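Peer 1: quick one, what's the 3D model for this:
(one chain, ligands or ions: 1)
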Amino acid sequence: MLQLQRITKVFNPGKATEVIAVQDTTLRLEAGSFTVLVGANGSGKSTLLNLIAGSIYADRGKVLLNDREIQRLPDYRRSQWIARVFQNPLTGTASSLSILDNFRMAALRRVPKWLKLGADAAFKRSVAEKVETLGMGLEHKLAQPMGTLSGGQRQALTLLMTTMADVDILLLDEPTAALDPRSAREVMGIADRIVRENNLTALLVTHNIAEALRYGTRLIQMENGKIIRDCDQQAKLALKQTDVVSWFDYY
Ligand SMILES: Nc1ncnc2c1ncn2[C@@H]1O[C@H](COP(=O)(O)OP(=O)(O)OP(=O)(O)O)[C@@H](O)[C@H]1O
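Peer 2: I've put the predicted structure just below:
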């Protein structure tokens, strides 16, 4: 279980440009749950994800994974448990390296297995089997540089790479924002499957209302650095797109 306890993050404190990006926010994500986070631009969603991922530190409050404070852990420790997929398909993978080498790098999170499998044909076979499940034919292109693939193909592979390590938490930071509608749907379908099959605790940030309603079992809204709505599965199922659009109406 991931818990944010009374987290506050202020940028540029004491200056004219001071922003309270996250304000005294408490959030509890049960293990294996899939939560969707929506909110207007600047409401604090990315800051919240950055605080969980450890790219920034909170001014106040705790981030607990299975009751253990993780904020000050070094990156390599935290990345054993937390994976993140970004909006830009170019982020998170190495463009000039082949698909296979990117999988090798992803597997580095679980060093002993990588050392055993990294150099031999068994590793390549296991990657090919995984990649085949995407149904994109990329298992025949493992030697191709990541940079030559489409955004949708890269996002699909990036998601799959998260399963190379035993991560608990998957942070999806607008993973389909740069994709066309068909690729977006395909990539979200893959994300959903990976979350279920690996029993991951997932947090998806999206501006796509249809996506926000289709995926996950809980829907929360942030505004001015605070969580102002929290819908459980039942409440979420009853929501229509127009309801969610109306949450943004006062702008
Ligand atoms: N590094 C930073 N330095 C200063 N201010 C920042 C920084 N990062 C975020 N902010 C500010 O904090 C507030 C919250 O930003 P954040 O990026 O978390 O919002 P968001 O909900 O993710 O927005 P969007 O939907 O546009 O991605 C905004 O006012 C933003 O300008």
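
Peer 1: C-alpha from now on. contacts and neighbour counts both.
Peer 2: Noted.

Peer 1: report how many residues lie close to residue 48.
Peer 2: Other residues near residue 48 come to 23 when the count uses other Cα atoms under 10 Å.

Peer 1: how near is it to residue 186?
Peer 2: In this view, residue 48 and residue 186 are 26 Å apart by Cα to Cα, to the nearest Å.

Peer 1: same check on residue 61?
Peer 2: Between residue 61 and residue 186 the distance is 37 Å, computed by Cα to Cα.

Peer 1: same question, residue 85
Peer 2: Per Cα to Cα, residue 85 is found 15 Å from residue 186.

Peer 1: out of these two, name the residue with the larger neighbour count.
Peer 2: Higher neighbour count among residue 85 and residue 186: residue 85, with 23 against 19, using other Cα under 10 Å.

Peer 1: isn't that one up against residue 160?
Peer 2: No - when contacts are counted by Cα atoms under 8 Å, residue 85 is not listed as touching residue 160 (10.4 Å).

Peer 1: output the contacting helices and strands for the longest helix seen in the chain.
Peer 2: Longest helix of the chain, by residue count under DSSP state H: helix 181-197. For helix 181-197, the packing partners by 3 or more Cα pairs under 8 Å, 6 or more residues apart in numbering; DSSP states H and E come out as helix 151-161.

Peer 1: change it to 10 Å
Peer 2: strand 34-39, helix 151-161, strand 169-173, strand 201-205, helix 209-214 (3 or more Cα pairs under 10 Å, 6 or more residues apart in numbering; DSSP states H and E).

Peer 1: what's the angle from it to strand 34-39?
Peer 2: Orientation of helix 181-197 against strand 34-39 (axes from the mean of the first three to the mean of the last three Cα atoms, to 10 degrees) gives an angle of 140 degrees.

Peer 1: give me the pLDDT value at residue 75.
Peer 2: Among the per-residue scores, residue 75 shows a pLDDT of 77.

Peer 1: what's around it, how many residues?
Peer 2: Taking other Cα under 10 Å as the neighbour definition, residue 75 ends up with a count of 14.
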